[in-house]
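**Student:** Return a 3D structure for these sequence lines:
(3 chains)
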Amino acid sequence: MRTSTGSRIVMHIDFDYFYAQCEEVRNPSLRGRPLTVCVFSGRTEDSGVVSTANYAAREHGVRSGIPIRIAKSRLAGISDAAFLPVDMSYYSEVSEKSMSLIQSFAGRFEQVGIDECFIDVSELASSFEVAKTLASQIKDSIKKSLGLTCSIGVAPNKMLAKIASDFQKPDGLTVIEPESLQNFIANLSVDKISGIGPKTSKRLGELGVKSISELAGLDQFKLVEEFGRKTGTFIHNAARGIDEEPVAESGESKQIARIITLKNDASTSVEMSNELRELCQSVLEIAKARKMAFKTVSVIIILSNLDQKSKSKTLKTHSNSLEPLHSTAQMLLNELMESDDSMRVRRLGVRLSDLQNTAGQNTISQFMGDLNGLS
DNA sequence: GTATGCTTTCGGC
DNA sequence: TTACGGCCGAAAGCATAC
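**Tutor:** Reported below is the predicted structural model:
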């Protein structure tokens, strides 16, 4: 059933400063104090970056992605500041509980990353007003049973719901109704649209376009000419608040990657052979646990100047054994290192993609038998 | 020319 | 003074096929 206007009602639910909030829940004495959750690389004391910071830490300029040492310098002299290492298995546990709770409210559910999801509530809410009440109930329920706050956007589609959840945070609730959506998005910058990144923003800027209303003024034909049919049409629709993407159950992950920081920079592939083998074993273990076979292998290196390079190879068939993985990875790493002998490698990674589920898969002979109606 | 698929880079969290 | 993770999916850039 649809609402009387025929429009959908979609919510985007985004947990506030998720990792840091999880830590506050586990240890309430952290609340109100500047808290920084860190990824320590182990290379030297305090080398690594900030994963998440709570709002008290953000007031001091601590943000995701900055080096830990900068965060510490910005919080120097704040005696109650706390720095904790990431604890992914704990956050995953909290995430699973949170997502299950949300699903109990939802029709269709789509998880995005560890701390965000979309739900389609068209069937449950007869109006945006009802949906807003439902969103409040979801927030209350999450607060009461898990002690977490989140920000929710309610809108006629995923794109607008995401813009809405971002509009007021933390602990926000923003509704964009179909009647007011044009006004709501008109003055927002084009990069608020998920899918319009810096590259596209820059090109649009060169066309004199900064706001979404200016974007809506561009001719569809011109957009298609400039960006191609797919992207051009997407932009034309997005500028009008149109997005038909359904809320869809998220499938299996499309890639499995492991990346590490080396104890010391390396300049030859030989120096990294132990790490490379361990990375191969590690990604393969994850793939096997998920009953996935891979077809594409990539090796990623990050140089001392933080430039990133990668090389990948697609095999003839899917595989889930170590030998082809390791030999392919070794070959790719050799090729990467041969390209420039002055490179200093800081970080090394291996990625599997083009994944295929092997669970319950028939053997080839069974498959042939099925084709012939024999099994 | 356009669509499709593969490789590499980008950038969000 | 500088300081710098570990993932993921999507975009961009190419090559090839029709």
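**Student:** got the residues of the stretch 101-250 of chain A near DNA strand C?
**Tutor:** Counting by Cβ under 7 Å from any atom of the strand, the stretch 101-250 of chain A comes close to DNA strand C at A:Gly195, A:Gly197, A:Lys199, A:Thr200, A:Thr231. No exception for glycine: its C-beta is placed from N, CA and C like everyone else's.
**Student:** ok, the fourth one - contacts?
**Tutor:** Looking back up the chat, that one is A:Thr200. A:Val190, A:Phe227, A:Thr231, A:Ile235 (Cβ atoms under 8 Å, 6 or more residues apart in numbering).
**Student:** For the third one, the count of nearby residues, please.
**Tutor:** Read that as A:Thr231. Using other Cβ atoms under 10 Å, A:Thr231 is surrounded by 15 other residues.
**Student:** List the buried residues in the strand or helix carrying it.
**Tutor:** Here A:Thr231 sits within helix A:229-238, counting by DSSP states H and E. In terms of neighbour count (16 or more other Cβ atoms under 10 Å), helix A:229-238 has its buried residues at A:Gly232, A:Phe234, A:Ile235, A:His236, A:Ala238.
**Student:** what's the answer for stretch A:114-127, then?
**Tutor:** So for stretch A:114-127, counting by 16+ other Cβ under 10 Å, buried means A:Ile114, A:Asp115, A:Glu116, A:Cys117, A:Phe118, A:Ile119, A:Asp120, A:Val121, A:Ser122, A:Ala125.
**Student:** Just the residues contacting that stretch, thanks.
**Tutor:** In contact with stretch A:114-127 (Cβ under 8 Å, 6+ apart) are residues A:1-3, A:8-15, A:18, A:91-92, A:95, A:99, A:102-103, A:105-112, A:131, A:134, A:158, A:161, A:246-247.
**Student:** measure that stretch end to end?
**Tutor:** Stretch A:114-127 has an end-to-end distance of 29 Å (Cα to Cα, to the nearest Å).
**Student:** That stretch and DNA strand B, any residue contact?
**Tutor:** Yes - for stretch A:114-127, a contact with DNA strand B is found by Cβ under 7 Å from any atom of the strand, at A:Ile114, A:Asp115, A:Glu116.
**Student:** Closest one of these to A:Lys143?
**Tutor:** In terms of Cβ to Cβ, no member of the residues of stretch A:114-127 next to DNA strand B lies closer to A:Lys143 than A:Asp115, at 15.3 Å.
**Student:** quick one: the closest one from DNA strand C, how far?
**Tutor:** A:Asp115 sits at a distance of 11 Å from DNA strand C (criterion: Cβ to the nearest atom of the strand, to the nearest Å).
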